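Trainee: Predicted coordinates and the sequence they were generated for:
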Amino acid sequence: MKRILLLSALGFSIYLVFLLARAPAGLILNLVPETDDVYMQAPAGSLWRGRIGQLQVGPVHLSGVEWRLSAARLLLGRADMRVSGDLDRGRLEGRLIAHPNGNLRIASAMGQQIPVSRLAPLFGQAPTALSGEGAFEIRDMLIRDQLPYSGEAELRVFNLESRIMGHQRLGNFSGQLSGNEGSFVLSFTDVGEDAPFNLSGQVDFEAESRSYRLDGRILARETAPENIAGMLSYLGEPDEEGRYPLRLSGRLR
């Protein structure tokens, strides 16, 4: 009897997978909750292997988003999918696992040539306030209640420029992100001697309140603009290496 029930359950699971394979990709519009932050257009293919022509998530606009579900994982009750998409000239791809309890795990994800200008609105700035390109690699990031809960990532920013206080070239940066229970720490430093400023420090981020606090040290090199270098003394007392404290705080939008 148990064997018959097991075979029946297996047959029913395979039948559900077969239905999903034939279901149109447009059904994803009904599966994703309607919010002002998410907008999708032009679905094609199937739920098994589909494509979204346009996807808007907050200030980030993606095109050509494609996904492919894993049949084996789906039989175990998990939606395991490979996802890729384009962001301007940049490219994103990764592996996402949706659990029955509603949690989402980013098993791995990578991005190349991501425009930094897309992040400016998160800090209340116009897209033209920042320019440059970024790259990232995410490892085992857990999302709970639509908020990052834990995980690690490596970040890189190339040719960063700011137009918040005039046109300033800031250089290249690298960072390490790690977090647990909704609290994240990003340690960063500038890369290369040609940047006008030596800048390093860390950013503490609380996911639930979306608040951040930057605590860093900055030193003007010989190539730094005189007007900006002269203003560093207003930040406070320098340390033994002549680096001034740099502290900022706020909330992401």
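Mentor: Now that the structure is in, tell me what you want to look at.
Trainee: any idea how far residue 101 lies from residue 209?
Mentor: Using CB to CB, to the nearest Å, one gets 23 Å for the distance from residue 101 to residue 209. (Each C-beta comes from the backbone N, C-alpha and C, glycine too.)
Trainee: Looking at the two, which one has more neighbours?
Mentor: Neighbour comparison, residue 101 and residue 209: the larger count goes to residue 209, with 10 against 6 (by other CB atoms under 10 Å).
Trainee: quick one: the more buried one and residue 251 touch, right?
Mentor: Yes. Between residue 209 and residue 251 there is a contact at 6.9 Å, judged by CB atoms under 8 Å.
Trainee: which stretches of the stretch 101-250 of the chain form helices?
Mentor: Taking DSSP state H, counting those that start in this stretch, the helices of the stretch 101-250 of the chain run over residues 226-231.
Trainee: can you pull out the strands in it?
Mentor: In the stretch 101-250 of the chain, the strands defined using DSSP state E, counting those that start in this stretch lie at 104-115, 130-144, 147-162, 168-180, 183-191, 197-206, 211-220, 244-251.
Trainee: among these, which is nearest residue 45?
Mentor: Closest approach to residue 45 among the strands of the stretch 101-250 of the chain (CB to CB): strand 104-115, 21.4 Å.
Trainee: can I have the closest one written out in CSV, keeping just the CAs?
Mentor: Taking C-alpha atoms only, strand 104-115 is exported to CSV below (Å, rounded to 0.1, in the frame of the first residue of the first chain):
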residue,chain,number,x,y,z
LEU,A,104,14.7,33.4,-1.3
ARG,A,105,18.3,32.4,-1.5
ILE,A,106,20.7,33.8,-4.0
ALA,A,107,23.0,30.8,-4.2
SER,A,108,25.4,32.8,-6.5
ALA,A,109,25.2,35.9,-8.6
MET,A,110,27.6,38.0,-10.7
GLY,A,111,27.4,41.3,-12.4
GLN,A,112,29.7,43.1,-14.9
GLN,A,113,29.8,46.6,-16.2
ILE,A,114,26.9,47.7,-14.0
PRO,A,115,26.3,51.5,-14.3
